[in-house]
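Asks: Dropping a prediction and its sequence here:
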Amino acid sequence: MKTIFSLSGLFFAILIHSQAIDEASDIRLGERFLEQKDELDNIRMLKEPGYSDHDAAREDTTIVTGFLDIGRANWSSQGRSIDTYFERAAAVMSFKNKMVIFIQPELRERVTALRRVYDPDLSRTTIVDKVLTQCRMYEHRQKIFDIMNSTEFQNFLGEYYGYVEFNNPDYDIAMFCKFNMLEDTIVNGYQKASYYVWMDFGMRPRMLKPSLIETYFPHTDSMYDNGKKFRIDAWERYKELKEHTMQENLKNHNVSILAGVFGGHEQGILQAIALFKRALQEMLHANMVGDDQNVLDWAYVINSDIFDINEIGDWSVILVKF
């Protein structure tokens, strides 16, 4: 296992409250997930029938994920406990791919115990300690805070201001930092591969279906247009994004592109990161802000050529999927 301690940084981490680490319970959690083997065989890294070339391709695919606690368990609405995140993370941890996990130091032992269930000697796993304030996106926090607390922005959004992505700067920064996290993985050569797939740490297990493997785990270079694009989910409304201004898409809550899972060749991912940074800068300059999906919507308007959209239908389909 590679363990990296760094003072520069990416993904999320402010520990609002401390929590005892129970390694044994997380090992049991992983074992319970393994008991679902019959149902999950088709999503396992080396068990995809019908694609003889998939195993080699997936060996060249690194999954990147991460977690920190920004106090969500204490939120009055849209709350979620650390335990819930780890229960869901058992699904992501189960992939046999190489994996890079960004985690706040207080939760390192817990995530290590869970990952060991599927990678006992951690030979395919790199765990990186990170905190929110080390994330390069954190440099935007004051600007985001000022926008969110301005009367103009609140009046502009009206009822939508109650959504967490419009009133909680730490939430948005945590979402933005996944792009820093991917960038550091590639630049520092953590679990080096040709292809990289981001997966949200707390993604619901029912999303991890065989179709996800077929969609995001490449078996030919042409799948990602020889490195020129990155693949990401969007519902059919994404086709309307270019018909509206940044402000119109934000005010109408026209979230179209989803960032729970996305992937691509190293070149495509680096292009996506650069485009995301540009889109965020343009939004902040216009005194607009939202979460990673809002920024990706604007990134699509700026340059749709590097997006390989996996269209998943309308909002009702998304609610079932997630």
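Replies: Ah, there it is. Residues are numbered from 1 along each chain as shown.

Asks: Tell me how far the residue positioned nearest the centre of the chain lies from Met181.
Replies: Geometric centre of the chain, nearest residue: Asp200, 3.9 Å, by C-alpha atoms, centre = their mean. According to C-beta to C-beta, to the nearest Å, Asp200 and Met181 sit 12 Å apart. Glycine gets a C-beta too; all of them are placed from N, C-alpha and C.

Asks: thinking again about what came up before, hmm, Thr65 and the residue nearest to the centre of the chain touching each other?
Replies: Yes. Counting by C-beta atoms under 8 Å, Thr65 is a contact partner of Asp200 at 7.0 Å.

Asks: Quickly list what's touching both of these two.
Replies: Val92 (C-beta atoms under 8 Å, 6 or more residues apart in numbering).

Asks: how much space between the residue nearest to Arg124 when sequence neighbours are not counted and Ile186?
Replies: Among residues not flanking Arg124 along the chain, Lys98 sits closest, at 4.6 Å (C-beta to C-beta, 6 or more residues apart in numbering). In this view, Lys98 and Ile186 are 13 Å apart by C-beta to C-beta.

Asks: go on, Lys239?
Replies: In terms of C-beta to C-beta, Lys239 sits 30 Å off from Ile186.

Asks: With Ile273 instead?
Replies: 9 Å.

Asks: Using CSV, write out every CA atom in the helix or strand Gln267 falls within.
Replies: Using DSSP states H and E, Gln267 maps to helix 266-285. The C-alpha coordinates for helix 266-285 follow below in CSV (Å, rounded to 0.1, in the frame of the first residue of the first chain):
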residue,chain,number,x,y,z
GLU,A,266,-5.9,10.6,-18.9
GLN,A,267,-5.9,13.2,-21.7
GLY,A,268,-9.6,13.6,-21.6
ILE,A,269,-9.8,13.9,-17.8
LEU,A,270,-7.1,16.6,-17.8
GLN,A,271,-9.0,18.5,-20.4
ALA,A,272,-12.2,18.2,-18.4
ILE,A,273,-10.4,19.5,-15.3
ALA,A,274,-9.1,22.5,-17.1
LEU,A,275,-12.5,23.3,-18.6
PHE,A,276,-14.1,22.9,-15.1
LYS,A,277,-11.7,25.5,-13.7
ARG,A,278,-12.5,27.9,-16.5
ALA,A,279,-16.2,27.5,-16.1
LEU,A,280,-16.0,28.0,-12.3
GLN,A,281,-14.0,31.2,-12.8
GLU,A,282,-16.5,32.5,-15.2
MET,A,283,-19.4,31.8,-12.9
LEU,A,284,-17.7,33.5,-9.9
HIS,A,285,-16.8,36.5,-12.0
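
Asks: got the contact list for whichever helix or strand comes after that helix?
Replies: On the C-terminal side of helix 266-285, the nearest following helix or strand under DSSP H and E is helix 292-302. Identification of contacts with helix 292-302 by C-beta under 8 Å, 6+ apart yields 165, 172, 175-176, 178-179, 232, 238, 241-242, 246, 249-250, 254-259, 272, 275-276, 278-280, 282-283, 307.

Asks: Direction-wise, compare helix 292-302 with helix 266-285 and give the angle.
Replies: 100 degrees (axes from the mean of the first three to the mean of the last three C-alpha atoms, to 10 degrees).

Asks: could you give the angle of the next helix or strand after helix 292-302 to helix 266-285?
Replies: For helix 292-302, the following helix or strand on the C-terminal side (DSSP H and E) is strand 307-311. Going by the same axes, to 10 degrees, strand 307-311 is angled at 90 degrees with respect to helix 266-285.

Asks: tally of neighbours for Tyr196?
Replies: Close neighbours of Tyr196, defined as other C-beta atoms under 10 Å, add up to 25.

Asks: Beta-bridge partners for it, please?
Replies: Assessed by DSSP bridges, Tyr196 has beta-bridge partners Thr62, Gly264.

Asks: okay, it: pLDDT?
Replies: Note for Tyr196: predicted pLDDT of 91.

Asks: For it, give me its contacts.
Replies: With C-beta under 8 Å, 6+ apart, Tyr196 has these contacts: 61-64, 182, 185-186, 263-264, 266, 269.

Asks: same question, Asp172
Replies: 144, 165, 289-292.

Asks: Between the residues you listed, which sits nearest Glu311?
Replies: Among the contacts of Asp172, Asp292 lies closest to Glu311 (C-beta to C-beta), at 19.1 Å.

Asks: Run a quick neighbour tally on the closest residue in space to that closest one that isn't next to it in sequence.
Replies: Distance criterion C-beta to C-beta, 6+ apart; nearest residue to Asp292, sequence neighbours excluded, is Met175 at 3.9 Å. Using other C-beta under 10 Å, Met175 has 21 other residues around it.
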